[in-house]
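*Asks:* got a predicted model here, sequence first, then my questions.
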Amino acid sequence: MDKIKFATVWLAGCSGCHMSFLDLDEFLFDIAEAVDMVYSPVASDIKDYPDNVDVCLVEGAIANEENLKLLLEVRRKTKFLISFGDCAVTANVPAMRNMLNGSDPVLKRCYLELSDHGGQIPKDPEIVPPLLEKVQPIHHVVEVDLFLPGCPPSAQRIKNAIAPLLKGEKPIMEGRDMIKFG
């Protein structure tokens with residue numbers, strides 16, 4: 001049997017979902033036997049998202065042009081996309097900047113008003129990718145196949161969602177243990 005091409009992506013978020021993924025402990029060995037990890041911030045230094053990915057966990061909201069571009073590519077090249085954690089599902093904490101009504105007030109607040117001295121707004125997109133006017137959850141931009149809430153989702157919840165996928169089955173996302181936020 002061919003291994004599942006598996007990926008994880010980290011957009012605007014704290015990486016807590018990836019840390020919870022690593023808390024799978026021994027189950028990581030089961031995953032390693034069943035998948036070919038083709039892209040992940042925790043497992044490789046691959047720079048380009050590959051074609052024909054079977055399953056991808058996407059952590060984080062869409063906050064900047066870099067996030068948007070990567071997410072669109074991920075959706076185009078992935079068969080089964082999982083919205084991984086509350087930031088991906090609801091935009092959560094990254095969306096708190098939406099209260100400032102646009103990217104200019106955010107940049108001014110961060111780089112000028114809160115600067116100790118001599119503040120300036122970075123202009124190089126290599127330093128700060130251009131911000132989108134509003135932070136959004138991923139399903140506002142692309143189709144999502146499965147929502148895996150939690151901040152972060154527990155290792156057990158992640159296992160319960162991934163284990164069926166390793167057998168070619170769709171996970172059942174019902175009951176408090178699988179769908180509770182926070």
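*Replies:* Looks like it came in fine.

*Asks:* which residues of the protein score low on pLDDT?
*Replies:* Residues of the chain meeting the criterion pLDDT under 70: 1, 44.

*Asks:* if we go to 80?
*Replies:* 1, 43-45, 182 (pLDDT under 80).

*Asks:* can you map out the helices along it?
*Replies:* Secondary structure of the chain (DSSP state H): helices at 16-22, 27-34, 65-77, 86-90, 103-108, 155-166, 176-179.

*Asks:* can you redo these as CSV with distance to Pro149 and mean neighbour count?
*Replies:* For glycine as for every other residue, the C-beta is placed from the backbone atoms N, C-alpha and C. Shown next, in CSV, are those (distance: least, C-beta to C-beta, whole Å; neighbours: other C-beta atoms under 10 Å):
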stretch, distance to Pro149, mean neighbour count
helix 16-22, 10, 20
helix 27-34, 20, 14
helix 65-77, 18, 17
helix 86-90, 5, 26
helix 103-108, 26, 15
helix 155-166, 9, 18
helix 176-179, 6, 12
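
*Asks:* wait, which of these is closest to Lys123?
*Replies:* helix 103-108 (10.1 Å; C-beta to C-beta).

*Asks:* ok now the closest one, how far from the chain's centre?
*Replies:* Offset of helix 103-108 from its chain centre (C-alpha atoms, centre = their mean, to the nearest Å): 23 Å.

*Asks:* which residues touch Ile179?
*Replies:* Neighbouring residues of Ile179 by C-beta atoms under 8 Å, 6 or more residues apart in numbering: 147, 149, 173.

*Asks:* among those, which lie within strands?
*Replies:* With strands defined by DSSP state E, the entries of the contacts of Ile179 inside them are Phe147.

*Asks:* got a quick ChimeraX command for the buried subset of the contacts of Ile179?
*Replies:* Selecting only the buried entries of the contacts of Ile179 in ChimeraX, with 16 or more other C-beta atoms under 10 Å as the criterion:
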select :147,149
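
*Asks:* if we can go back for a sec, just send the helices of the chain back as a markdown table, with distance to Lys134 too.
*Replies:* Formatted as a markdown table, those follow (distance: least, C-beta to C-beta, whole Å):
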| stretch | distance to Lys134 |
| --- | --- |
| helix 16-22 | 22 |
| helix 27-34 | 35 |
| helix 65-77 | 11 |
| helix 86-90 | 13 |
| helix 103-108 | 9 |
| helix 155-166 | 28 |
| helix 176-179 | 26 |
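
*Asks:* and those: which comes nearest Gly118?
*Replies:* Nearest of the helices of the chain to Gly118, taken as C-beta to C-beta: helix 103-108 at 14.7 Å.
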